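> next come a sequence and a model predicted from it.
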Amino acid sequence: MIKTNWMKRLLTALCVLCLAFAVTAALPAATTAKAENVSLANGDFSSYSSTDYSPSNWTKSGDNNSEIFSGVYDGKAGFDEHGFENTGVLVHDNDYKDFLVFNSKSFTAYTAFSSAAINLTPNSYYQFTIKAKADVAVGNAYFSITGLEDEEISLPIVNDGIWSTYKIYLATDFDTSDAVNITLSLGKDEAKARGWAMFDDVSVESLTAYDYAAIQESDNILVADISTPYVDGIINGGDFTVLDYSSWTVGGDKNNASVSVIPATYTEIPGQDDVTVTAPNFNGTTNNVLFISSNDENGGYITLTSNEFTVKPDEYYRISYFVLDRGDTATGGTGATAKLLYKYAGSSEDFKNVTENNIQTSSESTALSSHFGWTEKCFYIAGSSFTDAVAKIEFALGAENSPVAGGVLIDDVRVQKLTPERYAEIAPDASIVADIDGDISDTTGVTNGAFMNYTITDGVRVPANWTQVIAGDNNTASYGYSNVQVNADNADFRVVNSTDVAYANIGKYEMALEMTSSTNTAFGMRSAAISIASASYNVIDVDLCALQVSGYGASIVLRRENGAVVSKIENILNPGTYSFCVKGDADAAVNIYVEIWLGLFDRNQNMDKLAAGSLYVNSVSLTKSNETAYDAYSNSTSGNQAAATVDFTDGWLMSDDSYEDKPLLNWTLSKADENAKVEYVVTTLDDEDVIRYTNVSPNASAITLTPSFTISASTYYKVSVQIKINGSLDDIDTNEENYKGVWAGIITGENTYDSTPFTIKDIKKTATDASDEFITLEFYIRGGSADASASLFIGMGENIQVAEGEDPIPFTQGTVYIKGIAVEESSTTEYTDVMNDLKGTQALVNLADTETPEEDDEDDTTTTNPVSSEMLWMTLGSIFFAIVVIAVVVLLLVRHYAKKHPKSAKPLGRPSYDRKNAMTAKPGKPKTKVDKASGAVEIEPDINRFSDDNENSDASGADQSQTQQTSDDTTSSDDEGENTDGQEQGDAQDQNAQQTSGETQSEDNEQTDTDNSENN
């Protein structure tokens, strides 16, 4: 039997393998594929809801009204239920069958049902078919294909009340991947209708190119071609009606392989008997295809190259071809290949190329049934940003010194021109893309600093990663600059090359940013963020040409993320390279932006620095530098160089030197009286640069240093600032009683300067009898559980809200001088010492959850640290080891107890006596029996002497007098811990003992109970 089964299995496996081989051999790659039906759920409306008659697998949309019926007529419900006056119209093909009905007699409405999704294949043909009739008084009923990305295809139903067949034919594009729906409706979108319509027998079918070519549009037939048109005259002779040797060049080894044109109208392929081929776009007329093959099984190498064609700058193309394997081409090595070769026009260099190997291979998913099983493949190419390029396509079998055997068919080499937007959407996802400018890279160190990356909108190159800003908008209206927005209607910008502008000093393979305005304006272009690493020095170079600029000219601005200006070079009227040496922050990286301006924002209604003309920016670059260079830039008198710093300790004194009073760059002003003037500028006091902060008239104001600093978690800091008031604020006549003096504070979290609790307030005088110098205000900061940011502010006067009826707090007038702002790390000891002896010029900023550092220490003694994974495994191992030790100890104790208290041995077989026949005698009083014939008295033997419990014990009277209760207790005790067989045997013995006990005489039982009681 085993041998027979083995033989059956072997024979079955061999049969399966033979069948698979036969099927494979009978279906070579060139076998013509046929169009086929496409699955559509419930196209005959045979499945529907029994309550509202909605068809299954269809989705309802549109108006809902009790007077509107939309659903399936089932041939059973009353015709009046659907709003009809008779059943005559509710018939399809003389049969009362299921079909979809819309009826809105009284209202104009839109109501529709859409089918389940139908997945379309790229570059294919489809036929959508329905049967319908309608009688619509207002508007129309529609048969539509919905779900396409850019359009909706609709065919109206004729209002004649007669069943007719309607068809929509659809040709998809090379990138069509939409899932569409068939939508049947009364009305369409906002165009509502009144009347009735009926639909039935909905189907979808995939067609061949031959079927589609024969379609003619009519009243009931709509032909929709959404494919991208092909451009003639670029690649000549690509349909291979004949092999045009004036356009195509044969190369390689012509002795071992050949190139020819063969007919392909259901005709046999040379070298493959009984295998036919049909051209991919066969339309019923004579159609030839290209055939490249080796002459024998040894293989060959041969090429066929098209004519060169020109690709102009910023033109985008898709170059496609159909390919089909003869069925025997070797896939080892390159197989059959396609190459797109390209280079700059006029260049003496060799062509570069992109290549696809083994183009003859295909799969079920790539072989197109609409094109008789051929596969379409393609290349994408974009024109250079700088100059014309030339390209050509080449097909090959094998490669030099690597021949390939077999044959491949190629047809319809065609070109489609794409829009920039569509190319940008499709090409990056394609595998075969020719990048003409691929060897030219942006090495500026700034995102798109060479302006080679751009999009094209309405024929204009728009630079990527650059943003337009206008004087007075939200990007510039802060830090004392005007919020009056400049008119920039005539301002424009684009990316240009040397061909576009000859005089702008643009290199042949370079791009530039062009900024123009025919009228005076002030607008800029802002770069992407540039990261300045901590403790670093960097040079930012801007190469620009401002020859055609009038008015204030061009300007370059470095700006922080918060909008604060870091540095500027302005009023540029000459071409050249303008440079900033930027010092990084000591502790953290800082992002800045470069802004190139035509004109510039200002502090006077944005009226002082307007410009017009054309400005060209060739590049913006970032390179590493050093402290020596920074010092040189700081001392430079050149108008082309400027030192800039984003270090917090330097930022507090940075000013706008284009103004005589040098307003501060990194401070923001807040004031209660917006109309009152407040000055905060850099000035010189005792030969030292300081800030002069003045309320020119009574006010409540504050200036905040906006480059915030970071408070690291659980870390201590000291922030210090020195202030000086000449004389006393009390001496100023306008300062009324109860006015508030100078104050300072630290802003953290969501607080503002007027809500923060961390302040030192009401300073009206800094001079003492001993000194007239600056006093130092100190803030000692204790970090919390997470990092936080903090800012320093200095205010003068306070805007305090008082209760109704109380006198208001007067505003303050005066001047305070500020210098010496510093942030440095502190310690727990210093923080604690200050806390224990807090002076009037000191404040604590506690961001932690506890009041004092000592509480943290107490918490540390009671709080368990997080357990590491190593500690966790050690803990678990210790617990497991302890469990094992305890188990071993318990086992030893049990064994020790067992030795001290041995169990009675259990007989393995049948016992030497039968308990069923046993009698329990009275202990101590043997039972007697009198022989009636002789009168002799016999003493019956004591059964208990032969019990299991007493078998190995002393034959004492006490042992023999054990009662039934004692015997039961002993048996129960012995049974514990025995194996299953022992338990069953013990249970049986207990039952026998109980039965025997039950058979004794009542007086013996009473005596036994008495004896048991005595023994107990």
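On my side now, so go ahead. Keep in mind that this is a model prediction, so the values were computed, not measured.

> tell me who's in contact with residue 684.
residue 690 (CB atoms under 8 Å, 6 or more residues apart in numbering). Heads up, the C-betas are built off the backbone N, CA and C, glycines and all.

> part of a strand, is it?
Yes - assessed with DSSP: H, G, I helix; E, B strand; the rest coil, residue 684 lies in a strand.

> tell me the predicted confidence for it.
pLDDT for residue 684: 92.

> what is it paired to in the beta sheet?
residue 689 (DSSP bridges).

> how near is it to residue 817?
Look at residue 684 and residue 817: by CB to CB, to the nearest Å, they are 11 Å apart.

> overlap in contacts of those two?
residue 690.

> count of neighbours near residue 214?
9 (other CB atoms under 10 Å).

> go on, the one 5 residues further on?
Neighbour count of residue 219, defined by other CB under 10 Å: 10.

> what's it in contact with, if anything?
Counted by CB under 8 Å, 6+ apart, residue 219 has contacts residue 158.

> state the pLDDT value of it.
For residue 219, the pLDDT comes out at 88.

> look up how far residue 145 lies from it.
Distance from residue 219 to residue 145, by CB to CB: 18 Å.

> and for residue 574?
Noted for residue 574: a distance of 62 Å to residue 145, by CB to CB.

> ok, the two, which is more surrounded?
residue 145 (25 against 14).

> give me the phi and psi angles of the more buried one.
Per-residue torsions, residue 145: phi -110, psi 110 (degrees, to the nearest 10).

> what's the closest non-adjacent residue to it?
The shortest distance from residue 145 to any non-neighbouring residue, by CB to CB, 6 or more residues apart in numbering, is to residue 153 (4.3 Å).

> how about the residue nearest the centre of the chain, phi and psi?
Nearest to the geometric centre of the chain sits residue 429, at 16.9 Å (CA atoms, centre = their mean). Residue 429 adopts backbone torsions of phi -90, psi -10, taken as degrees, to the nearest 10.

> how about the contacts made by it?
By CB under 8 Å, 6+ apart, residue 429 has no neighbours at all.

> low-scoring pLDDT stretches of this protein, where are they?
1-36, 75-96, 271, 273, 364, 854-878, 881, 897-1016 (pLDDT under 70).

> quick check: buried residues in stretch 676-691?
Applying a neighbour-count criterion of 16 or more other CB atoms under 10 Å, one finds 676, 678, 680, 681, 682, 690, 691 buried in stretch 676-691.

> and the fifth one, how far is that from residue 665?
What that stands for is residue 682. Counting by CB to CB, the gap from residue 682 to residue 665 is 10 Å.

> which neighbours do these two have in common?
residue 655.

> just the element for residue 884, please.
Assessed by DSSP states H and E, residue 884 sits inside helix 869-900.

> now residue 842, which residues is it bridged with?
Beta-bridge partners, per DSSP bridges, of residue 842: residue 778.

> list the contacts of it.
760, 777, 778, 779, 780, 834.

> what is residue 155 paired to in the beta sheet?
Taking DSSP bridges as the rule, residue 155 bridges to residue 143.

> now do residue 399
Bridge pairing for residue 399 - DSSP bridges - gives residue 402.

> residues touching it, list them.
Here residue 399 is in contact with 301, 333, 334, 337 (CB under 8 Å, 6+ apart).

> how does it look with 7 Å?
301, 333, 334 (CB atoms under 7 Å, 6 or more residues apart in numbering).

> what about residue 465, neighbour count?
15.

> surely it touches residue 448?
Yes - between residue 465 and residue 448 there is a contact under CB atoms under 7 Å: 4.4 Å.

> how close does residue 105 sit to residue 200?
In terms of CB to CB, residue 105 sits 21 Å off from residue 200.

> ok, those two, which is more surrounded?
Neighbour count, other CB under 10 Å: between residue 105 and residue 200, residue 200 has more, with 22 against 14.

> check which helix or strand that one maps to.
Under the criterion of DSSP H and E, residue 200 resides in strand 193-207.

> not counting its neighbours along the chain, what's nearest residue 590?
residue 646 (4.2 Å).

> my guess is that neighbour contacts residue 566. True?
Yes - applying CB under 7 Å, one finds residue 646 in contact with residue 566, separated by 6.0 Å.

> and those two? Which one has more around it.
A direct count of neighbours by other CB under 10 Å for residue 646 and residue 566 places residue 646 higher, at 26 against 23.

> how near is the more buried one to residue 593?
12 Å.

> that older thread, out of the buried residues of stretch 676-691, the closest to residue 543 would be?
Residue 543 has its nearest neighbour among the buried residues of stretch 676-691 in residue 682, at 31.3 Å by CB to CB.

> and the closest one, what does it touch?
Residue 682 touches 653, 655, 662, 664, 689, 691, counting by CB under 7 Å, 6+ apart.

> now, these that are in strands?
689, 691 (DSSP state E).

> which ones are touching the residue nearest to residue 145?
Residue 153 neighbours (CB under 7 Å, 6+ apart): 144, 145, 168, 170, 222, 224.

> identify the farthest-apart pair in those residues.
Across the contacts of residue 153, the longest distance by CB to CB is 11.7 Å; it joins 144 and 170.

> what's in contact with stretch 50-69?
Stretch 50-69 has contacts (CB under 7 Å, 6+ apart) with 41-42, 45, 47-48, 70-72, 74, 82-83, 100-101, 103-104, 106-107, 109-116.

> can I have the buried ones of the residues you listed as a ChimeraX selection?
Here is the ChimeraX command that selects the buried residues among the contacts of stretch 50-69 (16+ other CB under 10 Å):
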select :42,45,48,70,71,72,74,82,83,100,101,103,104,109,110,111,112,113,114,115,116
